[in-house]
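Undergrad: From the sequence below, what's the structure:
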Amino acid sequence: MKESYFSRLRKHSKRLYIFVVIYAIGSILMIQSRVNPYMFFEMTPVFTWGMFSTNIDAAPEKNYVFYDLKYNGKTFNLPTAQDHWKIFFSYTIPNYDNIKANGYEDPLNSKYAAVLQKLHIDPAFASHISNKRNDVQRYPQWLKRYMENNTGEQITHLEVTKRWVKFDAGGILQVDSSKIIINE
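TA: Just a heads-up that it's a prediction; the model follows:
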């Protein structure tokens, strides 16, 4: 035990040792449970086990949603993009679509208000931490500028298409339907 990580860390830096121990204990105690209903998020991505992969069941009756991003007639191919681009597009486009479908009102606003109320904070504060209607409506222009900055190209046309796909009986992916959600 004398050469364990924690004993070496304690000898090296007591402040860092105390921080690591408090963080580890806090992480364990702060996990959402019946004991602690106030914790509503994961402490770090390391503990979010489901974020690394998803098993796709090739069930013919199940629909999956994909978003196609095209700029200047070219499809933006995510597998060739850098990781931070993937995060922006795989999160912000579905989030925009969800808010747009809800009449430009953020559906998370009610969840934020419920959590704030549990914490005995005025639920009206939730409107300050959720997406505003004006900001959401400006998303297509922001996306166009973001794409210009990251591709180094002048973008004259930007299109995002939502596609519902499913597997046929032979396990081949088929497009069931599609809808254009951004056309700038």
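
Undergrad: Domain-wise, how is the chain divided?
TA: By the assignment in automatic domain parsing, the chain contains the domains 5-51, 63-183.

Undergrad: Where does G171 sit, in terms of helix or strand?
TA: Assigned by DSSP states H and E, G171 belongs to neither a helix nor a strand.

Undergrad: Look up how far N134 lies from the most centrally placed residue in the chain.
TA: The geometric centre of the chain, computed from its C-alpha atoms, lies nearest to Y91 (C-alpha atoms, centre = their mean), at 4.1 Å. Taking C-beta to C-beta, to the nearest Å as the measure, Y91 falls 20 Å from N134. Quick note: C-beta positions are derived from backbone N, CA and C, even for glycine.

Undergrad: Could you dump the domains of the chain into JSON lines and include mean pLDDT?
TA: As requested, these are exported to JSON lines (pLDDT from 0 to 100):
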{"stretch": "domain 5-51", "mean pLDDT": "71"}
{"stretch": "domain 63-183", "mean pLDDT": "85"}
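
Undergrad: what's the most buried one of these?
TA: Highest mean neighbour count among these (mean count of other C-beta atoms under 10 Å): domain 63-183, with a mean of 14.

Undergrad: chain center to that domain, what's the gap?
TA: 9 Å (C-alpha atoms, centre = their mean, to the nearest Å).

Undergrad: What is the end-to-end distance of it?
TA: 24 Å (C-alpha to C-alpha, to the nearest Å).

Undergrad: would you list every one of the strands in this structure?
TA: Using DSSP state E, the strands of the chain run over 63-71, 74-75, 158-167, 173-183.

Undergrad: who's in contact with the first one?
TA: Residues outside strand 63-71 that contact it (C-beta atoms under 8 Å, 6 or more residues apart in numbering): 56, 75-76, 89, 93-94, 97, 144, 147, 151, 153, 155, 157-166, 176, 181.

Undergrad: That one to strand 173-183, inter-axis angle?
TA: With axes from the mean of the first three to the mean of the last three C-alpha atoms, to 10 degrees applied, the angle from strand 63-71 to strand 173-183 works out at 50 degrees.
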